[in-house]
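Student: how would this look folded up:
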Amino acid sequence: MVADDPVPLLLDTNVIIDLLKLGVLVDVARLPRHSLLVVAEVRGEVLRPGQAEALRDAFGSCLIGEAVLDTIDEEALYATLKEVLGAGEAACLAMAHHRGFAVASDETRPKLMREVKRLIGNERLVRTPELLAEGASSGLLSIDRLQGAVAALAATATSPRERDEVGHLEWVLARVRILARQSDRA
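Tutor: The predicted structure follows:
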């Protein structure tokens with residue numbers, strides 16, 4: 001890989017869903033620093049019909065690539081990791097470990113974080129706020145647009161689950177603002 005080549009970034013389910021809810025998956029896929037990939041196990045975890053369709057559209061536009069575990073070593077590590085992690089997380093980590101890719105995930109469970117540190121190192125773990133802040137600093141999206149998306153979701157949230165999802169996205173947006181301020185000062 002040449003220094004300017006995009007870094008392959010495997011998206012975990014939680015990141016995909018957040019980007020879809022905010023309506024920015026395609027924008028983030030255009031970030032020059034990353035080449036977004038989704039493993040089959042993660043694709044199978046995107047279950048809501050509208051989200052699954054939007055993800056299919058992103059594949060169809062060739063902005064996001066599909067990745068498949070295709071070596072014995074990847075499959076063996078996946079099987080071991082699946083004993084303690086979800087299928088999508090296990091597949092992302094197995095592939096990232098063997099191919100030198102990065103992983104985008106917002107999970108913080110101790111078991112996952114232990115495996116991230118052991119297999120790929122924390123420096124190859126990317127969080128949704130980091131992707132969104134990068135998108136804002138590159139001009140591909142704006143914080144106002146993200147705020148509008150969160151406000152629209154808040155206006156239609158009726159169930160406790162939907163309100164929890166909005167609360168999570170409000171936290172993500174607050175973190176994006178912090179990262180953007182830090183970037184402006186650098």
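Student: buried ones in stretch 108-123?
Tutor: For stretch 108-123, a neighbour-count test (16 or more other Cβ atoms under 10 Å) marks Leu112, Glu115, Val116, Leu119, Ile120 as buried. In short, each C-beta sits where N, CA and C put it, glycine included.
Student: closest one of those residues to Glu89?
Tutor: Taking Cβ to Cβ as the measure, Glu89 lies nearest Leu112 of the buried residues of stretch 108-123, at 5.8 Å.
Student: what about that closest one, which helix or strand?
Tutor: For Leu112, the enclosing helix or strand under DSSP states H and E is helix 110-119.
Student: chain center to that helix, what's the gap?
Tutor: 17 Å (Cα atoms, centre = their mean, to the nearest Å).
Student: now swap in stretch 74-85 and tell me
Tutor: Distance, centroid of stretch 74-85 to centroid of chain: 20 Å (Cα atoms, centre = their mean).
Student: ok, now stretch 49-68?
Tutor: The answer for stretch 49-68 is 13 Å, by Cα atoms, centre = their mean.
Student: ranges for the strands of this protein?
Tutor: 7-11, 34-39, 65-67, 102-104, 125-126 (DSSP state E).
Student: can I get those in TSV with distance to Leu47?
Tutor: Listed next are those as TSV, based on distance: least, Cβ to Cβ, whole Å:
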stretch	distance to Leu47
strand 7-11	15
strand 34-39	14
strand 65-67	17
strand 102-104	19
strand 125-126	23
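Student: adding mean pLDDT, write these out as JSON lines.
Tutor: Below are those laid out as JSON lines (pLDDT from 0 to 100):
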{"stretch": "strand 7-11", "mean pLDDT": "95"}
{"stretch": "strand 34-39", "mean pLDDT": "94"}
{"stretch": "strand 65-67", "mean pLDDT": "94"}
{"stretch": "strand 102-104", "mean pLDDT": "97"}
{"stretch": "strand 125-126", "mean pLDDT": "96"}
